[in-house]
Structures are given as C-alpha cells and as structure tokens.
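Peer 1: Coordinates for the following, if possible.
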Amino acid sequence: MSLRFARPLAASPRRLLAAFLLLMALAPSAALADGAFEPLTIASRSGRHTFQVEVMRDDAGRAQGLMFRRTMAPDRGMLFDFERNEPVAMWMKNTYLPLDMLFIRPDGTVARIAADTEPLSTRTITSGEPVLGVLELNAGTAARLGIHPGDKVEHPLFRGR
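Peer 2: Got it, this is the predicted structure:
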C-alpha cells in the first residue's frame, strides 16, 4: 500500500505560526500533567492547606504563567519566584482561569490577596508592597479555605529569609 498526496505538504509561514501557537497553548498543560510539582502548605487560622504547585523561576516562566490554560485541579497552583523582594504587578492577559493571587513576603507571610481576578484582563494587579513571590490558586480558594493576609506560606522559597 502506498500513500499519495494530491499536493505537497509545504509549510507556509502562516501554517508554521499556527502550529507554533498550538504547541505553546498545549505545552503548559502538558507540564501540569507530568508531575513537575512541589508541595506548598498554607498555615492559617482555619488549618493547614496543602497544594502541589508549579514554580516559575525564570523570566520566560513568569511571563507565561497560567496563560492559555483552561483548567487547574483544586489542589494545584502556580508559585512565581521573583528572586528579590520588590513591588510586583501581575495581569490576566491570555489567562482564561479566574484566580486568587496571594502576594507573599520573603518570610512566607501573605501580604495581600487579590481575589477572583478577571480572566483575560490587562488591568494590572499590584502587590501593594515589596514581595518575593506570588501564589496563584483557583478563584474562591482563599475564601473557601479561610486564607487571609498574615497567614504563612511554607515552601523552600521562603526558608531562611
């Protein structure tokens, strides 16, 4: 059996771009599925809440974040390591999931929570003070679990600082 094609399979620039964009949209989902997670716990007045988080430690990872993802399991999240204590600003461009953003000081204390952020918005969401990291969880998680500013995030990023 032989296969014949009516016309050659040429890759036009438009097709290459479409394939690249599709790959970029699918690649982050694959990262979530492969077990590349680290444990993170939030100690609050309501108890200890454990999550498995993907950690973004470089500019490319921080820029991509949760963009283009359509789902995230309730016990998952994304932790952004900004490498130094400074004011940060986030946005929801190309992010389809509504999120709770927890802005975290170097000692692991939650400084501020931006709850139920608006998907696909380009409005900036600021930390309000210098922070070392930001934890993104599904929208409503902080309220449902009783997580508040002042609670403590336990992860190696915040050890010894």
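
Peer 1: quick one: average pLDDT of stretch 122-137?
Peer 2: Per-region confidence: stretch 122-137 scores 98 on mean pLDDT.

Peer 1: So which residues make contact with that stretch?
Peer 2: 40, 51, 53, 65-66, 77-93, 99-106, 111-112, 114, 117, 153, 157-158, 161 (C-beta atoms under 8 Å, 6 or more residues apart in numbering). C-beta: built from backbone N, CA, C; applies to glycine.

Peer 1: Neighbours of residue 65, how many?
Peer 2: By the criterion of other C-beta atoms under 10 Å, residue 65 has 22 neighbours.

Peer 1: For it, which residues are in contact?
Peer 2: Taking C-beta under 8 Å, 6+ apart, one finds 56, 78, 80, 95, 136 in contact with residue 65.

Peer 1: most surrounded residue in these?
Peer 2: residue 136 leads those on contacts (other C-beta under 10 Å) with 27 neighbours.

Peer 1: who does that residue bridge with?
Peer 2: residue 78, residue 101 (DSSP bridges).

Peer 1: so who does the spatially closest residue to residue 140 that is not a sequence neighbour touch?
Peer 2: Nearest non-adjacent residue to residue 140, counting by C-beta to C-beta, 6 or more residues apart in numbering: residue 116, 6.5 Å away. Applying C-beta under 8 Å, 6+ apart to residue 116 gives the contacts 98, 99, 100, 139, 140.

Peer 1: Ok, residue 60 next?
Peer 2: By C-beta under 8 Å, 6+ apart, no residues touch residue 60.

Peer 1: Begin at 202, not 1, for the rest of this chat.
Peer 2: Will do, 202 is the new start, and the previous item becomes residue 261.

Peer 1: so which helix or strand takes in it?
Peer 2: Using DSSP states H and E, residue 261 maps to helix 260-265.

Peer 1: Phi and psi next, for residue 359.
Peer 2: The phi/psi pair for residue 359 (degrees, to the nearest 10) reads phi -100, psi 10.
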